[in-house]
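*Asks:* Quick one, structure for this:
(chains A and B)
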There are 2 protein chains.
Amino acid sequence: MPKYTEISEAIIELIKKDNLQQGDKLPSLNQLTKDFNVSKTTIVKSLEILQKNGVIFQVHGSGIFVRRNQKKGMIDLQTNLGFTSDLENENLNAKNIEFSVINPPRAVANELGISIYDEVFHVKRLRSMNDLVFCIEESYFKKTMVPYLNEEITSGSIFEYLKTAYNLETGFSDKYLSVSKLSNEEAQLLSLNENDPCQVTKELFYSTNGEPFDYSINTYNYQNAQFFLQITNN
Amino acid sequence: MPKYTEISEAIIELIKKDNLQQGDKLPSLNQLTKDFNVSKTTIVKSLEILQKNGVIFQVHGSGIFVRRNQKKGMIDLQTNLGFTSDLENENLNAKNIEFSVINPPRAVANELGISIYDEVFHVKRLRSMNDLVFCIEESYFKKTMVPYLNEEITSGSIFEYLKTAYNLETGFSDKYLSVSKLSNEEAQLLSLNENDPCQVTKELFYSTNGEPFDYSINTYNYQNAQFFLQITNN
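*Replies:* Residues are numbered from 1 along each chain as shown, chains lettered A, B, ... in the order given. Now for the predicted structure:
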């Protein structure tokens, strides 16, 4: 782990430990440099990361301040590392309802940049948090990049498996959000009524080399899923 | 405008002019340094900004590549500079349906960090794009920070006015998304039916000094509004 990442995490710990709230002031840049006994460049880089991630804000000539804390149980739209990373403090579960190797539908093939004659793993899971189902997650993994999966793996964190087994990590992703009405089948899975509203996200995940490997369509229970996003201007 | 911002914009122009597509390779770091006749540090900073904004991705030892282009007419969830900045190529309109000075409801006062006896501008507008109403936007501006508004101003870009008149700009914002059902009144404004689904966003806008000045609740027509987000990991 690079030094600046270590420092970023140490500052997050400091905020938690001292229970600092929105608007509370952190030590100055010079003080942090002394406290952590590292170069100014390292501290500046750590603060940039914290600023980008919505943890702090910096006011020129005035200081470094704590931003509003992440809301517990809300889904961070800026994370593409899977719910396991996102909702780490919640009791998270994945239940397989479909696992097969198929030829992708045309729309999925187009997204993944493959032919409809290529093969993908088709994984459909019910995701629950603290025993409440909040999401139907339907994923298509390109088989050339994800050669093996089984139902034991998909009942846990697929992304953690891909990292361990294939050193395959998400470099970036494109996420699309829309709102729709539940079909009868979706409504049954989410314990809601047909035509109830739902948040739908479609996300294309790329490896660090820029190659798409996973296309996922999530359909959320509107009563059990809320989202947030922290935006920082340059 | 700093040099690296200029270069970032020039690279975006280059991508447009040459109609570069997802996965197309850009000139190397060294070549860009020569082409733009600036320091390597400046180019590195420009590329960092472009990467953060989802324009390019960099593969270590391999090069700089173009990312998928922004989808026309979709709303960028990562922008908090208003639709006027976001949907700049669309025919965008704002129609006032409410303009008053009020004492804020308690929930709004809490968000803005003021008392329910303080005053706010209450502005409710119908936003349309290419003559289709896509959003009901209800905003509360803290009067201590936004001393003056009128209906002429609110029929245009309020954010552009705040910048010009008060040098007030958004430094960062917190955005919350959820899905709900339309009330009868909302349905009429959006030409939909009562209980139809809707995307709701609640956003708290802070000045560059970290002081909240605007709390806005947007209710979107689910047929006319789609959203996207480009995520880059560190």
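*Asks:* for the record, mean pLDDT for stretch A:107-117?
*Replies:* Summarised as a single mean, pLDDT over stretch A:107-117 is 96.
*Asks:* Then stretch A:204-220?
*Replies:* Mean predicted confidence for stretch A:204-220 is 96.
*Asks:* That stretch near chain B anywhere?
*Replies:* Yes. Judged by CB under 8 Å from any CB of the partner chain, stretch A:204-220 and chain B are in contact via A:206, A:208-210, A:220. Where C-beta positions appear, they are placed from N, C-alpha and C, glycine not excepted.
*Asks:* would JSON lines of the residues you listed with distance to A:Phe121 and secondary structure be doable?
*Replies:* Below are the residues of stretch A:204-220 next to chain B laid out as JSON lines (distance: CB to CB, whole Å; DSSP: H, G, I helix; E, B strand; the rest coil):
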{"residue": "A:Tyr206", "distance to A:Phe121": "17", "secondary structure": "strand"}
{"residue": "A:Thr208", "distance to A:Phe121": "20", "secondary structure": "coil"}
{"residue": "A:Asn209", "distance to A:Phe121": "20", "secondary structure": "coil"}
{"residue": "A:Gly210", "distance to A:Phe121": "21", "secondary structure": "coil"}
{"residue": "A:Tyr220", "distance to A:Phe121": "22", "secondary structure": "strand"}
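*Asks:* out of those, what pair is the most spread apart?
*Replies:* Largest separation among those by CB to CB: A:Asn209 and A:Tyr220, giving 30.2 Å.
*Asks:* The two - which one has more neighbours?
*Replies:* A:Tyr220 (25 against 14; other CB atoms under 10 Å in any protein chain shown).
*Asks:* Nearest spatial neighbour of that one, chain-adjacent residues omitted?
*Replies:* In this structure, A:Tyr220 finds its nearest non-sequential neighbour in A:Gln199, 4.3 Å apart by CB to CB, 6 or more residues apart in numbering or on different chains.
*Asks:* Now do the SS call for the one you found.
*Replies:* Each residue gets one of three states, and A:Gln199 gets strand by DSSP: H, G, I helix; E, B strand; the rest coil.
*Asks:* With adjacent residues omitted, what lies nearest to whichever residue of chain A sits closest to chain B?
*Replies:* Closest to chain B within chain A is A:Pro197: 3.0 Å, counting by CB to the nearest CB. Nearest non-adjacent residue to A:Pro197, counting by CB to CB, 6+ apart: B:Pro197, 3.0 Å away.
*Asks:* Around the one you found, how many other residues sit close by?
*Replies:* Counted with other CB under 10 Å, residues neighbouring B:Pro197 total 24.
*Asks:* Provide a list of residues in contact with it.
*Replies:* Neighbour list for B:Pro197: A:179-181, A:196-198, A:222, B:179-182, B:222 [criterion: CB atoms under 8 Å, 6 or more residues apart in numbering or on different chains].
*Asks:* Of those, just the buried ones, ChimeraX syntax please.
*Replies:* ChimeraX command restricting the contacts of B:Pro197 to the buried ones, with burial defined by 16 or more other CB atoms under 10 Å in any protein chain shown:
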select /A:179,180,196,197,198,222 /B:179,180,182,222
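*Asks:* just the contacts of B:Pro197 now: which is nearest B:Gly73?
*Replies:* Nearest to B:Gly73 out of those is B:Tyr222 (CB to CB; 14.7 Å).
*Asks:* does that closest one really touch A:Val179, like I thought?
*Replies:* Yes. B:Tyr222 lies in contact with A:Val179 (CB atoms under 8 Å); the separation is 4.0 Å.
*Asks:* what's the overlap in contacts for the two?
*Replies:* With CB under 8 Å, 6+ apart as the test, B:Tyr222 and A:Val179 both reach A:197, B:197-199.
*Asks:* okay if I get those residues as JSON lines plus distance to B:Lys71 and pLDDT?
*Replies:* Shown next, in JSON lines, are the shared contacts of B:Tyr222 and A:Val179 (distance: CB to CB, whole Å; pLDDT from 0 to 100):
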{"residue": "A:Pro197", "distance to B:Lys71": "22", "pLDDT": "97"}
{"residue": "B:Pro197", "distance to B:Lys71": "21", "pLDDT": "97"}
{"residue": "B:Cys198", "distance to B:Lys71": "21", "pLDDT": "98"}
{"residue": "B:Gln199", "distance to B:Lys71": "16", "pLDDT": "97"}
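*Asks:* of these, closest to B:Ile116?
*Replies:* The nearest member of the shared contacts of B:Tyr222 and A:Val179 to B:Ile116, counting by CB to CB, is B:Cys198 at 27.2 Å.
*Asks:* In this structure that closest one contacts B:Tyr220, no?
*Replies:* Yes. Here B:Cys198 lies in contact with B:Tyr220, judged by CB under 8 Å, at a distance of 6.0 Å.
*Asks:* A:Ala187 falls within a strand, correct?
*Replies:* No. Assigned with three-state DSSP, A:Ala187 falls outside any strand and is helix.
*Asks:* Thanks again, I'm all set now.
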